[in-house]
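S.K.: got a predicted model here, sequence first, then my questions.
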Amino acid sequence: MKRLLAGLPLLFFTAANLLAQASPSPEDSATPPQISGGALAGVFGAICLFYLVLIAIWLFIAIWIMRDAKRRQSPNATLVTILGWIPATTIIGLIVHLVTRPKTIPGAPNP
């Protein structure tokens, strides 16, 4: 979670830097293209939406791993839960859980 939150200031500093760009002086022969406020707001909104989708996917995977490991009474439930909740190791935790989880659910009728 700390790594995820650590990336948010970079997002805001990038947006502030784009908004604070100085206009070119009249002596410049080649003027760079100007970004309108609406286009900049759209880019910023798209970046924020991308981060929100990543957070939602991460939370979904972490919660599913935790619930499924407890329901199946997996011997690795603690390990895969911890790996699932650390953002940098969520995919590793998912893979470990899928490979090592019990095939049957205790108390459920076996096919």
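M.R.: Okay, I see it. Numbering: from 1, shown residues only.

S.K.: the longest helix along the chain: what's the following helix or strand?
M.R.: In the chain, taking DSSP state H as the definition, the longest helix is helix 37-71. Later in the chain than helix 37-71, the nearest helix or strand by DSSP states H and E is helix 77-85.

S.K.: next, the angle helix 37-71 makes with that following helix.
M.R.: When axes from the mean of the first three to the mean of the last three C-alpha atoms, to 10 degrees is applied, the directions of helix 77-85 and helix 37-71 differ by 180 degrees.

S.K.: give me the low-pLDDT residue ranges for this structure?
M.R.: Applying pLDDT under 70 to the chain flags the ranges 1-13, 15-33, 110-111.

S.K.: at 80 what do you get?
M.R.: 1-37, 108-111 (pLDDT under 80).

S.K.: which parts of the longest helix of the chain are buried?
M.R.: 44, 58, 61, 62, 65, 66, 68, 69 (16 or more other C-beta atoms under 10 Å). Backbone N, C-alpha and C define where each C-beta goes, glycine included.

S.K.: and stretch 70-87, by the same measure?
M.R.: Within stretch 70-87, the residues that qualify as buried are 72, 74, 76, 77, 80, 81, 83, 84, 85, 87, counting by 16+ other C-beta under 10 Å.

S.K.: in contact with the first one, which residues?
M.R.: Taking C-beta atoms under 8 Å, 6 or more residues apart in numbering, we find residue 72 in contact with 101, 102, 104, 105, 106.

S.K.: number of nearby residues for the last one?
M.R.: The burial count assigned to residue 106 is 8, neighbours taken as other C-beta atoms under 10 Å.

S.K.: before we move on, back to that, pull out the buried members of the contacts of residue 72.
M.R.: Among the contacts of residue 72, those classed as buried by 16+ other C-beta under 10 Å are residue 101.

S.K.: residue 89 and residue 83 touch, don't they?
M.R.: Yes. Using C-beta atoms under 8 Å, residue 89 is in contact with residue 83, at 4.7 Å.
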